[in-house]
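Enquirer: After the sequence you'll find the predicted model.
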Amino acid sequence: MDDKKIIFSGVQPSGVLTIGNYLGAVKNWVELQEEYNCLFSIVDLHAITVQQEPAKLRQRCMEFLALYLACGLDPEKCLLFFQSHVPQHAELSWALTCTTYMGELSRMTQFKDKTRNKQDANIGAGLFNYPVLMAADILLYQTDLVPVGVDQKQHLELARNLAERFNRIYGDVFKVPEPYIPKMGAKIMSLADPTKKMSKSDENVNSYISVIDDADTIIRKIKRAVTDSDNRIIRGEGKEGIENLMTIYGSMTGRSYEEIEQEFEGKGYGEFKAAVGEAVAEGLKDVREKYNYLLQNKDYLKEVAKNGSDNAYKMAARTLRKVHRKLGFVDRF
Ligand code: TYM
């Protein structure tokens with residue numbers, strides 16, 4: 001292996017891939033694959049923390065692989081694979097579970113959000129343990145950097161703590177990973193309620209933009225986005241909707257907030273929203289076409305996933321072997 005840094009990240013195959021996922025994570029992956037050893041997974045083990053329809057999940061996993069490629073990930077430059085094809089994820093997750101405290105998992109804000117108003121009896125243990133599996137994903141590959149949106153920051157801190165704890169108790173095995181969170185686009189908000197994160201499983205289709213929405217749909221959804229009645233394109237109190245559109249526009253065009261404020265000084269929301277819609281449609285224009293083409297090429301998708309998991313498996317097996325030795329397990333005869 002060369003001495004390039006290692007990057008790991010993943011998306012859950014639930015709902016659709018939104019511009020939140022794209023701007024917060026996948027777009028950066030496309031840049032990072034040029035410089036680093038990257039592994040990007042479709043984290044199907046995470047998806048079953050909530051009940052899935054098996055046939056739909058299977059189909060969605062293939063669609064997500066096609067989406068990864070359509071967004072610009074190149075299997076010549078990075079490893080793309082399904083998490084369930086590398087069994088070490090689940091195995092390491094167990095070893096880490098045994099050094100994780102109930103208290104630290106109870107403090108995870110995403111867990112608290114997802115279980116608010118639910119009785120303990122109805123909360124799946126998988127949902128509770130989810131951040132440990134995520135730590136295993138990362139630590140298995142001796143990952144240096146984890147490019148994610150800001151909502152994953154707390155999970156990443158746990159991964160760092162678990163790595164440090166394991167190293168302290170059993171001796172050095174894991175690299176302690178660093179988060180890689182974009183300056184702009186780390187948290188894209190819902191178009192229907194700009195105080196809430198844009199989410200791929202939102203029931204309201206107007207709250208998000210899918211990376212394969214067509215240009216008209218994108219422009220229409222941006223036009224309908226909830227803003228305020230002030231009509232100035234600036235950030236500030238009560239202007240979350242406009243700030244969100246500025247973020248989307250800036251992330252798509254590479255412009256800063258200051259540049260956007262200058263560009264739209266004295267202009268109204270109609271004009272601004274049209275420009276945002278155009279920029280998003282332009283930025284995503286090839287994704288839809290590539291995606292449809294790739295979905296017709298199942299054999300190619302399978303080949304990409306097989307190559308990805310074969311290589312990921314080798315890296316994962318190396319770490320897990322070390323972990324088992326440190327834990328005191330007897331080598332396989
Ligand atoms: P997931 O599937 O919810 O989201 C995938 C990625 O998209 C980012 N993201 C956003 N970024 C900006 N604005 C938003 N509205 C937005 N919504 C989502 C997320 O931060 C993430 O980077 N637990 C993870 C998946 C995972 C993972 C891992 C990630 C499993 N194992 C190991 C990194 C490393 C999740 O549910 O992401």
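Expert: That came through fine.

Enquirer: Pull the contacting residues for the residue of the stretch 1-150 of the chain found nearest the ligand.
Expert: Nearest to the ligand in the stretch 1-150 of the chain, going by C-beta to the nearest ligand atom, is G24, at a distance of 2.0 Å. (Glycine included, C-beta is placed from N, CA and C.) Contacts here follow C-beta atoms under 8 Å, 6 or more residues apart in numbering; on that basis G24 touches 148-151, 182, 185-188.

Enquirer: Within reach of the ligand, which of these are there?
Expert: Subset of the contacts of G24 in contact with the ligand: 148-149, 151, 186-188, counting by C-beta under 6 Å from any ligand atom.

Enquirer: For S9, what are phi and psi?
Expert: Note on S9: backbone dihedrals following degrees, to the nearest 10 are phi -160, psi 170.

Enquirer: which non-adjacent residue is nearest it?
Expert: Counting by C-beta to C-beta, 6 or more residues apart in numbering, the nearest residue to S9 once its immediate chain neighbours are dropped is P147, at 5.2 Å.

Enquirer: Kindly tell me how buried the one you found is, as a neighbour count.
Expert: 23 (other C-beta atoms under 10 Å).

Enquirer: distance of it from R224?
Expert: Going from P147 to R224 by C-beta to C-beta, to the nearest Å gives 30 Å.

Enquirer: F166 now?
Expert: Noted for F166: a distance of 49 Å to R224, by C-beta to C-beta.

Enquirer: More neighbours: the two, which one.
Expert: More crowded of F166 and R224, by other C-beta under 10 Å: F166, with 24 against 13.

Enquirer: contacting residues for the more buried one?
Expert: Residues near F166 by C-beta under 8 Å, 6+ apart: 96, 99, 173-174, 323, 326.

Enquirer: again with K273
Expert: The contact partners of K273, by C-beta under 8 Å, 6+ apart, come to 222-223, 225, 245.

Enquirer: buried stuff in the helix or strand hosting it?
Expert: Taking DSSP states H and E as the criterion, K273 maps to helix 269-283. By neighbour count on 16 or more other C-beta atoms under 10 Å, the buried set for helix 269-283 is 269, 272-273, 275-281, 283.

Enquirer: following that helix, which helix or strand shows up next?
Expert: Counting by DSSP H and E, what follows helix 269-283 is helix 285-295.

Enquirer: Remind me what that following helix packs against, helices and strands.
Expert: Applying 3 or more C-beta pairs under 8 Å, 6 or more residues apart in numbering; DSSP states H and E, we find helix 285-295 packed against helix 54-70, helix 298-327.

Enquirer: which residues touch V276?
Expert: Going by C-beta under 8 Å, 6+ apart, V276 touches 222, 245, 248-249.

Enquirer: So which of these are in helices?
Expert: Among the contacts of V276, DSSP state H puts 222, 245, 248-249 in helices.

Enquirer: would you turn those residues into TSV with neighbour count?
Expert: Formatted as TSV, the ones in helices among the contacts of V276 follow (neighbours: other C-beta atoms under 10 Å):
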residue	neighbour count
I222	23
L245	26
I248	27
Y249	26
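
Enquirer: For the contacts of K273, which two are the farthest from each other?
Expert: K223 and L245 (10.6 Å; C-beta to C-beta).

Enquirer: Confirm that the residue of the stretch 1-150 of the chain closest to the ligand sits in a strand.
Expert: No. Membership of G24 in a strand is not supported by DSSP: H, G, I helix; E, B strand; the rest coil, which gives helix.

Enquirer: quick revisit: winner for burial among the helices and strands packed on helix 285-295?
Expert: helix 54-70 (a mean of 19; mean count of other C-beta atoms under 10 Å).

Enquirer: can you pull out the helices in the stretch 101-250 of the chain?
Expert: In the stretch 101-250 of the chain, the helices defined using DSSP state H, counting those that start in this stretch lie at 102-106, 109-115, 125-139, 153-170, 215-224, 240-253.

Enquirer: Quick one: closest of those helices to P75.
Expert: Ranking the helices of the stretch 101-250 of the chain by proximity to P75 (C-beta to C-beta) places helix 125-139 first, at 19.1 Å.

Enquirer: and that closest one, is it in reach of the ligand?
Expert: Yes. Under the criterion of C-beta under 6 Å from any ligand atom, the ligand is reached by helix 125-139 at 134, 137-138.
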